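> Dropping a prediction and its sequence here:
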Amino acid sequence: MSAAPNSGAPYSPYKVTGGSLDFNHPSYVVRQADKDLWDWLKRGEFCYVLNSRQMGKSSLRIRTMYKLREAGIACAEVDLTGIDNHKTTTPEQWYGGICRELKSSLELEINSLTWWRAHQDLAPMQRFSEFLEKIVLAEFNQKIIIFVDEIDSVLKLEFKEDFFALIRVCYEKRATRPMYRRLSFVLLGVAKPSDLIRDISRTPFNIGQAIELKGFQLNETKPLKEQLEGKTSNPDAVLREVLFWTNGQPFLTQKLCHMLWISPSPIKSGDEAEEIKNLVQKCVVGNWETHDDPEHFKTLRDRLLRSDQLAIRLLSLYQEILNNGEIETDDSSEQMELRLSGLVVEQEGKLKVYNPIYASIFNQNWVDKALVKLRPYGEALKAWVASNYQDKSRLLRGEELQDALTWAAGRRLSAQDDKFLGASKEAERIWFRPHWLLALQIALGLGLLLVPIISWVVNDKDSYRLQKDGSIWHDSVKLDNNPKTVAIDADRNGLYQLHDSGWIWRYTGTPCNNDLKLECPGWEKLNNNPKTIAIDANGNELYQLHIDGSIWQYTGTPCNNNECLGWVELGNEQLIGKTDFRWEFTKWKTMAQFNFETPEEGWWVTGSAGLDFDRGFEHSGRGNGWIRNTSGWNAINNSFVVEPNSECKMNAWLRTSDTLTDGYMSVRPYNSDGSVIKEIKLVGAGSPNPQNRHYNFYTFNFNSGSSNKILFYVGLFGNGRDAWIQVDDAAVSCGYSNSNILKSNFSGPLVEGMIIQLQTLGDINGLRWLDGRTADATIGLVSNENRSFSGTKWRVHKFNDSDIALESMGEINGLRWLDGKTADATVGLAPRGDGSFSGAVWKVHRINDSDIMLESLGTIEGPRWLDGRTASGTVGLVSSENRGSSGTKWRIVVE
Amino acid sequence: MMGRTFWVRSECIERVRLAFKRNFTSRLFLREAAGVGRDAVNNFLNGRPVERLNFEEICFKLGLDWQEIADLDNLVQPHGDERSGLQEREVSDGQDLPDSAFYVERVPYETQCYEAILQPSALIRIKAPQQMGKTLLVERLLKKVDLKGYRIANLSLKLADRTHFTALDKFLRWFCTNVSLQLGLSSQLVNSQLVNYWDEESMGSKVSCTNYFEEYLLQQADMPLVLCLDDVDWLFPYPEIYEDFFALLRSWHEKANSRKLWKRLRLVLIYSTEVYVRLNIEQSPFNVGTSVELQEFNHQQVQDLTKQHGFNWDAAQVEQLMNVIGGHPSLVQQALSHLKNHQDVTLDTLLETAPTESGIYGNHLRSHLLNLQQHPDLAFTFKKVVTVMESVRLETMQGYKLHSMGLVKIQGNEAKPRCNLYRQYFYDRLGDL
């Protein structure tokens, strides 16, 4: 709306256009922070201003730099907003960019680009360090202070920690290299130090000085008051009212002052409170979304809601503050996060809502609505709370509950959520446990066993293990002894095994006898199809996967001799909603295992945690890990390496105390800003389990996504009571993803509309999968790992039995029809595949069931056989003489 | 009845050129194949008006669907003309195009923008739906600062084609090149200068771009440089590009606080939709500077326009017109031009047929309809808006889209048809959905 009060902004004496203030802006308010920063910098200290948005950080920087320069100190600024900082930015680019900015800011004569290129023999960080010493420090004789603003821009960079470590190194050099005493840094931004660097031995934040940036205090606001003289008869009273509403929040204070300044009717003496209240209600709070330009409140809101995992917890914490007026500060990461949003402020050891304006906009009603929206069961929870936790009909049941629990598993929720879900579970009388009954591959397994285990499976009450020799065990009871077994799985209905012959068996309850001649008669044959490669017992159903990708469901009829009729194939309709198969097949690989048998497994601890040996607390062997405390975050952490985008399972045996309210077993990307890949929450003691020394088996599946290094931890938040977790026998194994195992060679006819992938059979090793790049209408080959690219999928359109068009399924809009340009022997993408482009019509020549050659029917004479060049990853057309070459042969692969 | 000339929509020009390259080795062959003259082919490939039959014939030969690529809205000029300010638009039969000699000063936007742009390191954001008069406003603004000797680069992001949006470096190079060309530098010179200042490998694309501006472009003269970016919302579908690009613009704006040279840069950003992409506000150019949101003409402004056209209308007549088309700038101007050119037509008869395809807004309405038909979800939503007399609550994105197309007015989360003309026409045409 043009009615926004900032129209005509340039002429106001107040800062209402967003962004930072010029050093000589008439409404600049000098605060305690100005003095603090000045004093510490004069002493040569490293300083950092980490605070919420729109608190005047950059204005403070600009003014301080101006004053320092006046005092003869050289100042450089680097605004990281202007430096490349996406995921793929290299250290070379990043440090190179910073050098250029330093050069520009310090007005150095040198051509920094030439210098940077000339020193390529040094690694980027080393080169940057060299630049600081040989160029920057050498150029000036006086002190130099480097201001780095918008420091949170580095969060995405993988190598960010090195930068902060370097700052610390510069300080450490002061002891031996006096020239470094002339160099200081100031960092400004919206982040917690722990977001920026975790390594305590390298962090500069514990040797530097935090500058606290508070709101405007009444005694500091003379510049604001001066501008109001003449606009009102009692500027003091007016300003006092303004500060009442804003609590000195700089952006809002400036905005309100500006509104008063442009107001045509001066405020009468005595009416200040009333009139300013009306102004706030009418032009700030009421319909705030329409007045929020420059944006302020929306950003606050977004910051609160941005993390799917944390939003509910932050909102609940905020709600608590809103209801109680204040709460004790505890420096928990949630409280820090809430403070960084700017919505609350710490005053004398208490957290309060920053000001009455925020409290009116983000009021109880707003929080309620936001919470209802965030929770899939928001309405039900609201009604249940409204009934004073009595109305059981509001509790979740059946699938709804299962969905809610699955949703809740990756999140940190509020106590109210836990109470609600807990009550629902109780009502349903179900145990919350991972939805999937999973296998675990531990090569060594329990220390007591001689034969390695290859997998564990558990159902409601029992755990079974498959050992490498093919034997199957329930605790110490042997159930089978057949080396042909490759996988087992279990559910409430029973235990199943798969043989390498593809046969499937169900356990009938009779274990192996203990006679000299070992016999294991307790197995009933369910299937004898050699095509079977994997099984999945899922809830109450058993499924098998065939090498051709088809999925079959067991109907309950076992084999009668060799006649196995108890299976139906699932068509596409039946598979809808059943996308989460977890096949128990043989291709799992253990990526890491942690048996706690030596201190050298690479654990590091946060807070109160550690390793035990020979204490008698272990699940197996001699040692275990522990986490125990009454407050704060405590964890044992480790990491492991995986292939990106693989399907993995994380398992561990855990024993937990009944006082535990907030424990987690979690995997995260090792280098990240804290996003969670997957975690499970641990609350209270597990079920009694004397056979396993009261440890319980916890497991979850996850996909490693883009990460190749994963952080794994088990930890707990203290809750005032003594809570603990013991950990033992953890392992992670990864396998091929479902989509990979499901793909197999295709041998049927090409059907209209089917989606295929094409793999060139070129005899040189290299890239093989035909990839249509709709973004720029080109064609290339990609590797096996990248065959999940949407461009590698092609839809078949048939003209007749032999002629087809191929449409790329690339996600980016663009041309998409595979097009052979016979005129110049290239391929690309055409806008149409209806025959109007002759090159986009292809004749299919069958070599065998699954392999074909493709001939473009372009009208211009020239080479026309589609040829994949695995060595270079390119695709072109070759002439008829060469059509038999290996690259012209393509294998059809169907999902 | 269709207008007789069409031109390729600017966003389709790249597609058209690709199709041409794919099918023909020279323009001569296309001319021969389609049996049309040289001008027709040249105009076609450059997005300039082409006679309808020729247009369809050329499209056919290129294997393109003419309805998909034609700019059917004769009221909006193709980009090439808009940029150069040439007044060579062809009047289609029976259609009256507004005469730019009649111009109502957009109070207070014009003074606001002008005063703002004189400030060091100014940043002006102009937001309004299509056909609200943004282009005209900006043209007048640029003309004024041109007289003061400011350097001007006026660039529409629509002119970038999709391939430029695939990588940040590509886009920024395109951006620098075109800004430089706009400033009158030869492309040869630009290329050689870019080599000097650009090194993606050594310092990244953003810093290279800054380097080029700081070390070269801004150094070229001691005058302010006005960088006017139109169709900024064109970037919104490309997060890989816009996050960095917008952050870069903001960092330039901030640089002026401590570096004199950067005070020369004056930014004007123009867009037709709400900035719905989420940016870090401290790294966003949309959270600083002067914001201008163009509104429709008010009663007084319409009254002034009627006077300029030589009519002596009373308030009731103005009201009668505005009751149908509101203060929609281009519709108002079109009505007045028509009445002026056809003295036999009365306001009553004009308004009577207005909501039909035979009325003076036939083309305008049909082009909206065609557009809606290509986006069935929007059509469906808009149908709801025109069928209900009260305001309708819309899903946010759909609201933004309809608003940016100029079809609805938004208040809070509620939408209404922009004017009764739309309500009547689309109630009729979307009724079968």
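In hand now; what should we look at?
> which residues touch the nearest residue to A:Phe640 once chain neighbours are set aside?
Leaving out its chain neighbours, the residue that sits closest to A:Phe640 by Cβ to Cβ, 6 or more residues apart in numbering or on different chains is A:Ala592, at 3.6 Å. No exception for glycine: its C-beta is placed from N, CA and C like everyone else's. Applying Cβ atoms under 8 Å, 6 or more residues apart in numbering or on different chains, we find A:Ala592 in contact with A:638, A:640-641, A:731-732.
> what do you get if the cut-off is 7 Å, keeping everything else the same?
A:Ala592 is in contact with A:640, A:731-732, counting by Cβ atoms under 7 Å, 6 or more residues apart in numbering or on different chains.
> repeat for A:Leu371
Neighbour list for A:Leu371: A:312, A:315, A:378 [criterion: Cβ under 7 Å, 6+ apart].
> Out of the contacts of A:Ala592, which is nearest to chain B?
When the contacts of A:Ala592 are ranked by distance to chain B (Cβ to the nearest Cβ), A:Phe640 comes first, at 30.3 Å.
> near chain A, which residues of the stretch 201-350 of chain B show up?
B:201-207, B:210-211, B:214, B:244, B:247-248, B:250-251, B:253-254, B:257-258, B:278, B:281-283, B:287-291, B:293, B:295 (Cβ under 7 Å from any Cβ of the partner chain).
> wait, is the residue nearest to A:Phe640 part of a helix?
No: counting by DSSP: H, G, I helix; E, B strand; the rest coil, A:Ala592 is not part of a helix but strand.
> Quick one, grab the pLDDT at it.
If you check A:Ala592, the pLDDT there is 81.
> sorry, back to before: give me the buried entries from the residues of the stretch 201-350 of chain B next to chain A.
Neighbour counting with 16 or more other Cβ atoms under 10 Å in any protein chain shown marks B:202-207, B:210-211, B:214, B:244, B:247-248, B:250-251, B:253-254, B:257-258, B:281-283, B:287-291, B:293 as buried within those.
> Mind checking which of the residues you listed are in strands?
Among these, DSSP state E puts B:290-291, B:293 in strands.
> Include distance to A:Pro26 and pLDDT when you put the residues you listed into JSON lines, please.
Below are those laid out as JSON lines (distance: Cβ to Cβ, whole Å; pLDDT from 0 to 100):
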{"residue": "B:Thr290", "distance to A:Pro26": "18", "pLDDT": "88"}
{"residue": "B:Ser291", "distance to A:Pro26": "22", "pLDDT": "88"}
{"residue": "B:Glu293", "distance to A:Pro26": "28", "pLDDT": "87"}
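> Looking at those, which one is closest to B:Gly326?
Among these, B:Glu293 lies closest to B:Gly326 (Cβ to Cβ), at 16.2 Å.
> in the stretch 151-300 of chain A, which segments are predicted with low confidence?
Applying pLDDT under 70 to the stretch 151-300 of chain A flags no residue at all.
> do the same with the stretch 51-200 of chain B
For the stretch 51-200 of chain B, the ranges with pLDDT under 70 are B:72-104.
> which bits of it sit near chain A?
Residues of the stretch 51-200 of chain B lying near chain A by Cβ under 7 Å from any Cβ: B:63, B:112, B:115-116, B:119, B:162-163, B:166, B:199.
> Please indicate which of these are buried?
Among those, the ones that count as buried by 16+ other Cβ under 10 Å are B:63, B:112, B:116, B:119, B:162-163, B:166, B:199.
> What is the most widely separated pair among the residues you listed?
Pairwise over those, using Cβ to Cβ, the maximum falls at B:Gly63 and B:Gln119, 51.7 Å.
> Check the secondary structure at residue 275 for me.
Unless you meant another one, I'm taking chain A. Judged by three-state DSSP, the three-state class of A:Glu275 is helix.
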